[in-house]
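K.L.:
with the sequence up front, the predicted model follows.
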Amino acid sequence: MSLPTSEHTPDDPELLPPARRRRARRLLAPMEAGEKAETLDRLALRTIPTFNFYVFSMLAGLILAAGLAFNSPVLLVLGAVITPLMAPLVGVSLGMITGSAKLFLRSLVGLLISSALIFAAGALVGLAARSWMPLDLSQAYAHATLSWASFLVVLVCGLFLCANIAHRERNPAPPSVALAYVIYVPLTVAGFGLTSGAPALWPDGLVLYTIYLAWAALIGALTLALLGFRPLTFFGYTLGGAVALICIILLIGFSGFGAVLGAFGTPLALPTPLPTATFTLTPPPTITPTLTPSLTPLPPSLTPTITASLTPSIAPTLTPTTTPLPVYARINASEESGGAFIRGGPGFDNKPIVALTNGTLLQILPDFVEVDGAVWEHVIVVQTGLEGWILQRLLQVATPAPEW
């Protein structure tokens, strides 16, 4: 009886047969049994998180948080480049598709620890930035918004990341950087918003991180399935199906929740902090004069000349009705600060309630207080109805006010 001989796989890809060399260069080419076993072992080892993985995750989180604090897209890109290779994400997908609970849990725990470090870095920078707010947080609010473009980036880069890691000759770094930017920036926004007090950033960033991470894991599992990986046991089918079902439920659930609140293009939790100013002008009173002429003719005399004297009596009635105009103002702080605080009471000893950007519309109430040589105005935020106090010199009056 003859046994089938095993085929030797050369270390140098150039020594492979032409057919296998062409198949190795293709993106999603099916692999033979020997190639799949070799690739599976190599991927399992490559997806193990190391100490350097956690160190660079913390460093990347600090850079991403600094990019949010300084509103710098360049720092956000640099933080994504510093982020280590997202191999544990591929390990989660690989453990899900092969049914390896050990590989799945090990990769998932490593990914969650890395995410916790990035979240902590964002919270640390947000706490430090709280003392010198208000800040220009347009980048933070932009990355706390659902968008179809981000879903497309996760789809393409998740596919290329798994395919490039599976093929030894391809470089997985570029799709990993793009994935890190889409997934980790919202997570940093959540940590930054939690401690800085900026509204809507904390819940929105965490929800986006969960959605994009589940979407990336699902795309990775489908890509590995196309590469020919299959569950080794019945438990593999059960684990893969359960995790895929959870990912789909998360995607549908969060996306449906966001759609109800206008998710695509607007934040999820609270309305945008950049209000649109609306001025209500009361028209001037209308004056309607009333003319009452009175004609008194003289009796005729003996002479044939008749002289008529007309004495008109004009009695205009003026009834103007005026409505007092509410006094509105916009926040007009320096360009460096970009906005101002609304505090719970007059004076710097009172705790800030919220940070508003320049251009925010406020209604000025009649009472004002002078504290330590500075005049504090009692105001209401037009968009939210929030009531507080702000320095008078930081306002630009939109309507005239007496004794201003």
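P.N.:
Nice, I can see it.
K.L.:
phi, psi of the closest residue to residue 380 other than its chain neighbours?
P.N.:
Computed as Cβ to Cβ, 6 or more residues apart in numbering, the closest residue to residue 380 that is not its neighbour in sequence is residue 363, at 4.6 Å. Where you see a C-beta, it was placed from the backbone N, CA and C, and this is true even at glycine. The phi/psi pair for residue 363 (degrees, to the nearest 10) reads phi -100, psi 130.
K.L.:
give the burial count for residue 363, as a bare number.
P.N.:
The local packing of residue 363 (other Cβ atoms under 10 Å) involves 17 other residues.
K.L.:
contacting residues around it?
P.N.:
For residue 363, the contact set (Cβ atoms under 8 Å, 6 or more residues apart in numbering) comprises 326-328, 379-380, 382.
K.L.:
swap the cut-off to 10 Å and go again
P.N.:
326-329, 378-382, 385, 387, 398-399 (Cβ atoms under 10 Å, 6 or more residues apart in numbering).
K.L.:
try residue 177
P.N.:
77, 80-83, 85-86, 157, 161.
K.L.:
just checking, residue 127 touches residue 192?
P.N.:
Yes. Counting by Cβ atoms under 10 Å, residue 127 does reach residue 192; the two are 9.1 Å apart.
K.L.:
after the host helix or strand of residue 115, next one along is what?
P.N.:
Residue 115 is part of helix 101-129 when elements are defined by DSSP states H and E. For helix 101-129, the succeeding helix or strand toward the C-terminus, using DSSP H and E, is helix 138-142.
K.L.:
okay, now the domains of the protein?
P.N.:
By the record's domain assignment, the chain is partitioned as 26-260, 327-397 (automatic domain parsing).
K.L.:
follow-up on the earlier one: counting neighbours, go ahead and name the busier of residue 127 and residue 192.
P.N.:
residue 192 (33 against 15).
K.L.:
just list the residues touching the residue lying closest to residue 138 once chain neighbours are set aside, thanks.
P.N.:
Excluding the flanking residues, the one nearest residue 138 by Cβ to Cβ, 6+ apart is residue 71, at 6.1 Å. Counting by Cβ under 10 Å, 6+ apart, residue 71 makes contact with 135-140, 142, 338.
K.L.:
right, and residue 330 touches residue 390 too?
P.N.:
No. Counting by Cβ under 10 Å, residue 330 stays clear of residue 390, with 11.3 Å between them.
K.L.:
what's the overlap in contacts for these two?
P.N.:
If you check residue 330 and residue 390 against Cβ under 10 Å, 6+ apart, the residues they both contact are 360, 362.
K.L.:
which one of these two has more residues nearby?
P.N.:
residue 390 (24 against 16).
K.L.:
please point out which parts of the host helix or strand of the more buried one sit buried.
P.N.:
If you go by DSSP H and E, residue 390 is part of strand 387-391. Going by neighbour count (16 or more other Cβ atoms under 10 Å), the buried part of strand 387-391 is 388-391.
K.L.:
so which pair among the contacts of residue 71 is furthest apart in space?
P.N.:
Farthest apart among those by Cβ to Cβ are 142 and 338. That separation is 15.0 Å.
K.L.:
can you pick out the residue with more neighbours from those two?
P.N.:
residue 338 (20 against 14).
K.L.:
just checking, that one touches residue 332?
P.N.:
No. If you go by Cβ under 10 Å, residue 338 and residue 332 don't touch, sitting 11.1 Å apart.
K.L.:
common neighbours of the two, please.
P.N.:
358-359.
K.L.:
could you list the low-pLDDT ranges of the stretch 101-250 of the chain?
P.N.:
The stretch 101-250 of the chain contains residues with pLDDT under 70 at 133-135, 231-245, 247-248, 250.
K.L.:
before we move on, the earlier item: okay if I get the buried residues of strand 387-391 as a markdown table plus pLDDT and distance to residue 50?
P.N.:
A markdown table is the format used below for the buried residues of strand 387-391 (pLDDT from 0 to 100; distance: Cβ to Cβ, whole Å):
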| residue | pLDDT | distance to residue 50 |
| --- | --- | --- |
| 388 | 92 | 49 |
| 389 | 91 | 52 |
| 390 | 92 | 51 |
| 391 | 87 | 52 |
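K.L.:
which of these sits closest to residue 46?
P.N.:
Out of those, the member with the shortest distance to residue 46 (by Cβ to Cβ) is residue 388, at 53.9 Å.
K.L.:
these two touch, right, the closest one and residue 344?
P.N.:
Yes. The pair residue 388 and residue 344 passes the contact test of Cβ under 10 Å, sitting 6.1 Å apart.
K.L.:
what sits against residue 106?
P.N.:
Here residue 106 is in contact with 44, 47-49, 88, 91-92, 95, 100 (Cβ under 10 Å, 6+ apart).
K.L.:
which of the residues you listed sits closest to residue 146?
P.N.:
For the contacts of residue 106, the nearest to residue 146 is residue 92 (22.4 Å; Cβ to Cβ).
K.L.:
OK, contacts around the closest one?
P.N.:
47, 86, 103-112, 213, 216-217, 220-221, 243.
K.L.:
wasn't residue 342 part of a helix?
P.N.:
No. Counting by DSSP: H, G, I helix; E, B strand; the rest coil, residue 342 is not part of a helix but strand.
K.L.:
list the contacts of it.
P.N.:
Counting by Cβ under 10 Å, 6+ apart, the residues that residue 342 touches are 134, 331, 352-356, 360, 362, 379-381, 384, 386-390.
K.L.:
among the residues you listed, name the buried ones.
P.N.:
Burial by neighbour count, judged by 16+ other Cβ under 10 Å, picks out 134, 331, 352-356, 360, 362, 379-381, 384, 388-390 from the contacts of residue 342.
K.L.:
so which of these are in strands?
P.N.:
Members of the buried ones among the contacts of residue 342 lying in strands (criterion: DSSP state E): 331, 352-356, 362, 379-381, 388-390.
K.L.:
circling back: so which of the contacts of residue 177 wins on neighbours?
P.N.:
residue 161 (30 neighbours).
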